[in-house]
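Undergrad: model the structure of this input:
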Amino acid sequence: MLWGFCVGSGVVEKNSLRITSPNSLKGVYDCAIGNFGVPQHRGTIFGFVIYPKANQKVCMSFDHVDISFKMTPGSLPTFLLADRGDCYFALKVWRAQNTGAAAILIADDCIEPLISMATPEEEDVRFNYYLQNITIPSALISKSLGDSIKKALSSGEMVMAMMNVGSA
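TA: Below is the predicted model of the structure:
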């Protein structure tokens, strides 16, 4: 009976995400990082979190709605919050990167221990291109943290986050 629950064990590469505001969310939270991509910089990235009104699973390009998360002079980097599901983690990260996000947080869609965000297993040329060109950090966060961030954002609060990227 327990065999079905034991399949797929492995090491989950974890990191921490620090929420610095609002006060109701301040704290350090565990997150699981992707096993793909090579971030362009090392150290700590600090920015504000955005949850899009459309394309919340970030499986499609944002080109059709003319949205950009690119930094402008004097602005802070954007952490794009996305919902888990419907496409590979790596594709979500690629879509966020192409829209100008500095990092992506993927909110789990169920209550479970954090899992590794792995590369697609299929040997498809489409995946090889974007897997080799991912340069932003990515993290899977718990459903409860994702729900809390969405609630704060929907109430008009600004959510600020910090994440270590590689070794400083």
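Undergrad: only C-alpha atoms from now on, for both contacts and neighbour counts.
TA: Will do.
Undergrad: buried residues of the biggest helix by length in the chain, list them for me.
TA: What stands out as the longest helix in the chain, according to DSSP state H, is helix 143-154. Within helix 143-154, the residues that qualify as buried are 143, 145-146, 149-150, 152-153, counting by 16 or more other CA atoms under 10 Å.
Undergrad: for the residue nearest the centre of the chain, what are its contacts?
TA: Most central in the chain under CA atoms, centre = their mean is L105, positioned 2.2 Å from the mean C-alpha point. L105 makes contact with 79-82, 138-141, according to CA atoms under 8 Å, 6 or more residues apart in numbering.
Undergrad: from those, which ones fall inside strands?
TA: Counted as lying in strands by DSSP state E, out of the contacts of L105, are 79-82, 138-141.
Undergrad: follow-up on the earlier one: list the pairing partners of the host helix or strand of the residue nearest to the centre of the chain within its sheet, with orientation.
TA: Using DSSP states H and E, the element containing L105 is strand 103-107. Sheet pairing of strand 103-107 (DSSP bridges) gives strand 78-83 (parallel), strand 138-141 (parallel).
Undergrad: can you give me the angle it makes with helix 143-154?
TA: Here strand 103-107 points in a direction 120 degrees away from that of helix 143-154 (axes from the mean of the first three to the mean of the last three CA atoms, to 10 degrees).
Undergrad: any idea how far strand 103-107 is from the chain center?
TA: Strand 103-107 sits 2 Å away from the centroid of its parent chain (CA atoms, centre = their mean, to the nearest Å).
Undergrad: what subset of the contacts of L105 is buried?
TA: Buried among these by 16+ other CA under 10 Å: 79-82, 138-141.
Undergrad: could I get these as a markdown table with pLDDT and distance to I45?
TA: Listed next are these as a markdown table, based on pLDDT from 0 to 100; distance: CA to CA, whole Å:
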| residue | pLDDT | distance to I45 |
| --- | --- | --- |
| F79 | 96 | 9 |
| L80 | 96 | 13 |
| L81 | 97 | 15 |
| A82 | 97 | 18 |
| S138 | 93 | 12 |
| A139 | 94 | 13 |
| L140 | 96 | 16 |
| I141 | 97 | 16 |
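Undergrad: any weak-confidence spans in this structure?
TA: Scanning the chain with the threshold set as pLDDT under 70 gives 1-11, 40-41, 64-68, 120-127, 166-168.
Undergrad: what about 90?
TA: 1-16, 33-44, 54, 60-75, 88, 115-133, 164-168 (pLDDT under 90).
Undergrad: would you map the helices across it?
TA: Counting by DSSP H, the helices of the chain are 3-6, 89-98, 125-132, 143-154.
Undergrad: what about stretch 118-137, start to end distance?
TA: Stretch 118-137 has an end-to-end distance of 14 Å (CA to CA, to the nearest Å).
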